[in-house]
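Visitor: just a sequence and a predicted model for now, questions to come.
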Amino acid sequence: MHQSSAHIPTTETASAQQKVMRKVFRRLIWFLFLCFVLSFLDRINIGFAGLTMMGDLGLTSTQFGIATTVFYIAYIACGIPSNIVLARVGARKWIGSLMIAWGLASTATLFATDANSLYLLRALVGITEAGFLPGILLYLTFWFPTAYRARANAMFMVAMPFTAGFGSAISGQILSMNGTWGMHGWQWLFLLEGMPSVIMGFAVFYYLNDKPYQARWLDSEEKYHLQQALAADISSQGNAAQEKTVSLMREMLSPTVLLFSLVYFCLVNTLAMIAVWTPLIIKSISAADSSNSTIGFLATIPQICTIIGMIIWGLHSDRTQERKWHLVLPMLLAATGWIFAAYAGNSLGQLLGVCMAATGSYTAMSIFWTTPDHALSFKARAIGIAIINAVGNIGSAVNPLVVGWLRDLTQSFTAGIGYAAALLVVGSLLVFLLPIPEPAKDTAFKSR
């Protein structure tokens, strides 16, 4: 949609806006990145814990998959109410409280003694962590105009592959502490990777501001330029909604929200595949006598590729101001990667496939979250993002159960990998039905 001249800043104003955006990036992104590292680590460390936990607790692959499914059922159920609370009380108080709560719940997983106790503890982690990602995605829209959103999303979400890589390396080492002070290695894993979230939760209370006008680290002129850019975004994206009054409930149940949710469901299946099963997939394609530390090292390789891909692709999407093909292409890359992982005749080809799948899926996720706010009115943004995230994450609940069952049935990951690849192809086709407009290219306020 073409912006009116009233919303096109002068070159001088654009320069001031770019300057304040650099300041916002420096202030917020590293901190939110670190918070997400801890969040994602507490979500996926069960994948590495499973290397020894399954044997210690006598769990089958299906039971282990159910534990992750239970986490996501709780996560899905609590995501929407959590974002409603965040919109009312503010990110600072709510995100800080969530981090303390899920850090304690994740740490408590070390007390699991059988399948049922593991299910209960993982449900607690899901309940307490549910509001973090949709809450931060909403929070980013309060601080970053559309022209900078892909880069901001990529630099924030790069925490996922970074954590998967860093977590793989450190988790393999922590598992080697097996027997120290009478504790299993997986118990040390939950203890040492859960408590940092509690500490960071207290830091959130002192560091974050809910909105730009509250930021003491911005002067009055910087606040003005940032708020003008954000207001122009709301105006340009909200014109259609202003022309036709639609109830909040009707907008939430619209075909548009359903389509975004379906695309995210297809994408999240493969994200769950990478997060939960990568250590075991790497183990299945590596030498039979490979140690947990070696598996941990190999599992970092796909994540390094992903970090590079996310940053480069996010920058390219902002510079070209194009979203649709920047979403479709990495989804197809991920699908192709899974085919390589399943059918390549050698370990190197399979590892390359995992690298392609990880790079494509995480890159697609960072681009995906630049698009829903274009189709949602400002009043519906908080609940809309939460609904899309919740419905999409049904894929996270379904994938471990399906893949675990298929692995027990076939004694191989091939069928589960094919399931993830097929959904990516379906999701990439659905992207073409999404109402993703091309952002105006005639504004002076563009990403540099």
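Guide: Arrived safely.
Visitor: where does the prediction get shaky in the stretch 301-448 of the chain?
Guide: Scanning the stretch 301-448 of the chain for pLDDT under 70 picks out 377-379, 412, 437-448.
Visitor: contact partners for the residue nearest the centre of the chain?
Guide: Nearest to the mean C-alpha position of the chain, by CA atoms, centre = their mean, lies Met157 at 5.8 Å. Applying CB atoms under 8 Å, 6 or more residues apart in numbering to Met157 gives the contacts Phe36, Met310, Tyr362, Met365, Ser366, Trp369. Where C-beta positions appear, they are placed from N, C-alpha and C, glycine not excepted.
Visitor: quick one: which of these is nearest Trp338?
Guide: Closest approach to Trp338 among the contacts of Met157 (CB to CB): Tyr362, at 13.8 Å.
Visitor: list the contacts of that closest one.
Guide: By CB under 8 Å, 6+ apart, Tyr362 lies in contact with Met157, Val158, Met160, Pro161, Leu271, Ile274, Thr306, Gly309, Met310.
Visitor: can you check Trp143 too?
Guide: When contacts are counted by CB under 8 Å, 6+ apart, Trp143 touches Val24, Leu28, Ala152, Pro212, Leu226, Leu230.
Visitor: rerun at 6 Å
Guide: Neighbouring residues of Trp143 by CB atoms under 6 Å, 6 or more residues apart in numbering: Val24.
Visitor: now do the SS call for it.
Guide: Put simply, Trp143 is coil when judged by DSSP: H, G, I helix; E, B strand; the rest coil.
Visitor: helices of the stretch 101-250 of the chain, start to end?
Guide: Using DSSP state H, counting those that start in this stretch, the helices found in the stretch 101-250 of the chain span residues 115-129, 132-141, 146-157, 159-175, 185-207, 220-243, 248-252.
Visitor: rounded mean pLDDT for the last one, please.
Guide: Taken as a whole, helix 248-252 has an average pLDDT of 62.
Visitor: now swap in the fourth one and tell me
Guide: Helix 159-175 comes out with an average pLDDT of 78.
Visitor: list the buried ones in it?
Guide: Going by neighbour count (16 or more other CB atoms under 10 Å), the buried part of helix 159-175 is 159-165, 167-172, 174-175.
Visitor: next one, pLDDT for Trp30 please.
Guide: At Trp30, the model reports a pLDDT of 93.
Visitor: ok, Ala74 - contacts?
Guide: By CB under 6 Å, 6+ apart, Ala74 lies in contact with Ala123, Gly126, Ile127.
Visitor: swap in Leu192?
Guide: Counting by CB under 6 Å, 6+ apart, Leu192 touches Ile174.
Visitor: which pLDDT value belongs to Ala105?
Guide: pLDDT, Ala105: 93.
Visitor: now do the contacts for it.
Guide: Contacts here follow CB under 6 Å, 6+ apart; on that basis Ala105 touches Leu124, Val125, Thr128.
Visitor: of those residues - the most surrounded one?
Guide: Counting neighbours by other CB atoms under 10 Å, the top entry in the contacts of Ala105 is Val125, with 27 neighbours.
Visitor: ok, that residue touching Ser106?
Guide: Yes - using CB atoms under 6 Å as the test, Val125 is close enough to Ser106 to be in contact (5.2 Å).
Visitor: returning to what we had before: most neighbours out of the contacts of Ala74, which is it?
Guide: Ranked by the number of neighbours (other CB under 10 Å), the contacts of Ala74 place Gly126 first, at 27 neighbours.
Visitor: the residue nearest to it when sequence neighbours are not counted sits in which helix or strand?
Guide: Take Gly126 and drop its neighbours on the chain: the residue closest to it by CB to CB, 6 or more residues apart in numbering is Ala74, 3.1 Å away. Assigned by DSSP states H and E, Ala74 falls within helix 61-89.
Visitor: quick one: that helix to helix 115-129, angle?
Guide: Per axes from the mean of the first three to the mean of the last three CA atoms, to 10 degrees, the angle that helix 61-89 makes with helix 115-129 is 20 degrees.
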